[in-house]
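coords please:
(one chain, ligands or ions: 1)
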Amino acid sequence: MSALVTLNNGLKMPLIGLGCWKIPNKVCAEQVYDAIKLGYRLFDGATDYGNEAEVGQGIKKAIDDKIVTRADLFIVSKLWNSFHRPEHVRLNVKKNLEDLGLDYVDLYYIHFPIAFKFVPIEERYPPSFYSGIKEEAQGIIATERVGLADTYHAMEALVDEGLIKSIGISNYNGGLVQDVLNYCRIKPVALQIEHHPYLTQAHLVEYCKLNQIQIVAYSSFGPQSYVELKSEVAIETVPLFEHPTVKKIASAHGSDISTSQVLLRWATQQGVAIIPKSSKKERLLANLKVDETLTLTDDELKEINNLNKNLRFNQPWEWMNMKFPIFD
Ligand SMILES: NC(=O)c1ccc[n+]([C@@H]2O[C@H](COP(=O)([O-])OP(=O)(O)OC[C@H]3O[C@@H](n4cnc5c(N)ncnc54)[C@H](OP(=O)(O)O)[C@@H]3O)[C@@H](O)[C@H]2O)c1
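Presented below is the predicted three-dimensional model:
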């Protein structure tokens, strides 16, 4: 098992989990089951990933086989953009729970700070970047007239009801984090952001630390995850696995240390939680055990910090032609 961090609501969360985005449906249940057998306890899922039923099957098998109990696990899901209206927030989480076969999730994020037009579950689920208008071919998606505070308060009601244990926010910048802190009754426990040596977001990380909000890194391997989405920026960027600095640091720690381990350890050594995704069983253990395998020196951490170029890959505008400047 990975180390645990204590969240601002007292719950303990594994510092390392398995990211479930793009784990193909046909291997997902087995991958989750194998991951639990290897010691993974946190699974980072979402409405949008379209594989929560399979994640749930893997969890069920592990519980049935008495490898873990539900209480040993830390299950994460995310509210999709088209469920931001308060009355739809509960609808979304009930669907997540039904698919996962669970009574509650440990952490439920607002996936993006943008509200798409509601799409009924019967019409399309997950709705992805679909809002049912013909202009979508030009990247225009219909929006819902709802403020983030209203969505957040509906998430707080889910905590009261016991359907979710904690609230998370994702893809929020510093201004939006500060805004939540102004209106929340229940503080967010975590902020999930794209975070890797090309996009270190040092100020945001520090600001959240000061406010006891745990940073959870996604896409720790930088461009890797976006190459398969045919993102031009990702394809044109030197892969972090191949970056000379990362390679040099890996080899300084011995021939059995990989660049992937350097990238993950760089995050966890700063107290940033990680959720590397892999569909391959053989990669699960190396990713999970990174803290026991490797310790970077302060100079090495600084050298990696210096690779920052504020380069973001999770830009749906770029790989989906979606006309929403989420981060600009
Ligand atoms: N909140 C958000 O908006 C958001 C956005 C993106 C991601 N996320 C979450 O964060 C998780 C992680 O991010 P991500 O999936 O974008 O990317 P990632 O974990 O940075 O990278 C995944 C890629 O790296 C490969 N990989 C995994 N372990 C490896 C290893 N040890 N050596 C070499 N290659 C390895 C995987 O290939 P194989 O599968 O073939 O092993 C896959 O191509 C997601 O799964 C999701 O849960 C959240």
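
excluding its backbone neighbours, what's nearest Y130?
Counting by Cβ to Cβ, 6 or more residues apart in numbering, Y130 lies nearest to R124, which is 5.7 Å off, once chain neighbours are set aside. Any C-beta I mention is one placed from the backbone N, CA and C, and that applies to glycine too.

the one you found contacts F118, doesn't it?
No: taking contacts as Cβ atoms under 8 Å, R124 lies outside contact range of F118: 11.2 Å.

quick one, which of the two is more surrounded?
F118 (21 against 13; other Cβ atoms under 10 Å).

and that one, what's its pLDDT?
F118 is assigned 97 on the pLDDT scale.

ditto for the one 5 residues further on
Reading off the per-residue confidence, E123 sits at a pLDDT of 96.

the helix or strand encompassing D299 - what's its average pLDDT?
Per DSSP states H and E, D299 falls inside helix 298-305. In this model, helix 298-305 carries a mean pLDDT of 98.

with just CA atoms, put that helix into CSV.
Only the C-alpha atoms of helix 298-305 are listed here, as CSV (Å, rounded to 0.1, in the frame of the first residue of the first chain):
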residue,chain,number,x,y,z
ASP,A,298,17.1,18.5,-3.4
ASP,A,299,19.3,19.5,-6.4
GLU,A,300,17.6,16.9,-8.5
LEU,A,301,14.1,18.2,-7.5
LYS,A,302,15.3,21.7,-8.4
GLU,A,303,16.6,20.6,-11.7
ILE,A,304,13.3,19.0,-12.5
ASN,A,305,11.4,22.1,-11.3
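
flag every buried residue along that helix.
Judged by neighbour count (16 or more other Cβ atoms under 10 Å), helix 298-305 contains these buried residues: 300, 303-304.

roughly how far does whichever residue of the chain sits closest to the ligand sit from N51?
Nearest to the ligand, among the residues of the chain, is G19, at 2.4 Å (Cβ to the nearest ligand atom). Between G19 and N51 the computed distance is 11 Å (Cβ to Cβ, to the nearest Å).

residues in contact with stretch 191-208: which ones?
For stretch 191-208, the surrounding residues in contact (Cβ atoms under 8 Å, 6 or more residues apart in numbering) are 44, 109, 168-174, 177, 213-223, 237, 240, 243, 246, 263, 266-267, 270, 272, 304-305, 307-314.

actually stretch 236-248, not the one I typed
196-198, 221-224, 227, 259-260, 262-263, 303-304, 307, 311, 313.

what about it, how long is it end to end?
One end of stretch 236-248 to the other measures 22 Å (Cα to Cα, to the nearest Å).

taking the mean pLDDT, what do you get for it?
Computed over stretch 236-248, the average pLDDT equals 98.

same check on stretch 278-295?
Stretch 278-295 comes out with an average pLDDT of 95.

CA-only coordinates of that stretch in PDB, if you can.
C-alpha atoms of stretch 278-295 as PDB (Å, rounded to 0.1, in the frame of the first residue of the first chain):
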ATOM      1  CA  SER A 278      -1.900   2.200 -16.800                       C
ATOM      2  CA  SER A 279      -3.800  -0.500 -18.600                       C
ATOM      3  CA  LYS A 280      -0.800  -2.800 -18.300                       C
ATOM      4  CA  LYS A 281      -0.500  -5.000 -15.300                       C
ATOM      5  CA  GLU A 282       3.300  -5.100 -15.400                       C
ATOM      6  CA  ARG A 283       3.400  -1.300 -14.800                       C
ATOM      7  CA  LEU A 284       1.100  -1.200 -11.800                       C
ATOM      8  CA  LEU A 285       3.700  -2.300  -9.200                       C
ATOM      9  CA  ALA A 286       6.500   0.000 -10.300                       C
ATOM     10  CA  ASN A 287       4.100   3.000 -10.200                       C
ATOM     11  CA  LEU A 288       2.700   2.100  -6.800                       C
ATOM     12  CA  LYS A 289       6.100   1.300  -5.200                       C
ATOM     13  CA  VAL A 290       7.900   4.400  -6.400                       C
ATOM     14  CA  ASP A 291       8.200   6.000  -2.900                       C
ATOM     15  CA  GLU A 292      10.000   2.900  -1.600                       C
ATOM     16  CA  THR A 293      12.200   2.600  -4.700                       C
ATOM     17  CA  LEU A 294      13.600   6.100  -5.000                       C
ATOM     18  CA  THR A 295      14.500   9.300  -3.200                       C
END
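
and that stretch, what's buried?
Buried-residue list, stretch 278-295, by 16+ other Cβ under 10 Å: 278, 284, 286-291, 293-294.

now for the residue lying closest to G17 once chain neighbours are set aside, how many residues are close by?
Nearest residue to G17, sequence neighbours excluded (Cβ to Cβ, 6+ apart): L42, at 2.8 Å. As a burial measure, L42 scores 25 neighbours (other Cβ under 10 Å).
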